[in-house]
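Engineer: Provided below for reference: sequence and predicted model.
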Amino acid sequence: MADPKPVRLVVVDACVLINLIHVNRLDILGRLKGWEFVVPEQVSEEISEPGQVRILHEAFRDGYIRKEQSTEPAELGVYAKLRQVMGRGEAACLAMAHARNWMVACDERGRFHRECRLKLSDQRVLNTPGILLLAIRHSVIDAEGLSQNNRSTLARAPGGQMQGAATQAM
């Protein structure tokens, strides 16, 4: 019997979580076989709109995502340096992905994207459209399952084009 395919670990930033909450598809993160999505505490704290907080807590409870804490000195050191040039959530995601050799899911551009290229490769970066593409490829959703309203919401989101790992992963 063959060993099961290894799990790909992905650190998720608030922008991706909020985009998936907006289209009512946060469940996708828990339904992608072979993938596990984690949320740093700093990211969880960035989500403050009551309805979004409720949905996020339900996703933790239902096991779609799990909360993760940074405790290793090397990871905390990378976080401190990144924190000087970006927000708490983005810095926590990138530090965790870098230190643990995981992937990162974020729709931010600019400084975050430049730092990702320095610390990770493009194959270790996902965005919201990339996650939806993975979900389609893994038969979690179908393209018809995204309503026109959901598609236009995602098209307006930062990073509205697929990037990195989603174009490589199957």
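Structural biologist: Received the coordinates, thanks.
Engineer: only C-alpha atoms from now on, for both contacts and neighbour counts.
Structural biologist: OK.
Engineer: and S48, which helix or strand is it part of?
Structural biologist: If you go by DSSP states H and E, S48 is not part of any helix or strand.
Engineer: any idea how far L20 is from it?
Structural biologist: Per Cα to Cα, to the nearest Å, S48 is found 15 Å from L20.
Engineer: looking at these two, which one has more neighbours?
Structural biologist: Counted by other Cα atoms under 10 Å, S48 and L20 do not tie: L20 has more neighbours, with 22 against 10.
Engineer: quick check: that one vs T128, distance?
Structural biologist: From L20 across to T128, the span is 7 Å (Cα to Cα).
Engineer: for V53, same thing?
Structural biologist: Counting by Cα to Cα, the gap from V53 to T128 is 19 Å.
Engineer: out of those two, which sits in the busier spot?
Structural biologist: Between V53 and T128, counted using other Cα under 10 Å, the more crowded position is T128 (27 against 17).
Engineer: need phi/psi at that one.
Structural biologist: Taking degrees, to the nearest 10, you get phi -60, psi -50 for the backbone angles of T128.
Engineer: now N127
Structural biologist: Backbone torsions of N127, given as degrees, to the nearest 10, read phi -130, psi 180.
Engineer: again, but for E108
Structural biologist: Phi and psi for E108, reported as degrees, to the nearest 10, are phi -70, psi 150.
Engineer: I'd guessed it sits against V16; true?
Structural biologist: No. Contact criterion Cα atoms under 8 Å: E108 and V16 do not qualify, at 9.1 Å.
Engineer: neighbour count: those two, which is higher?
Structural biologist: Under the criterion of other Cα under 10 Å, the comparison of E108 against V16 puts V16 first, with 23 against 17.
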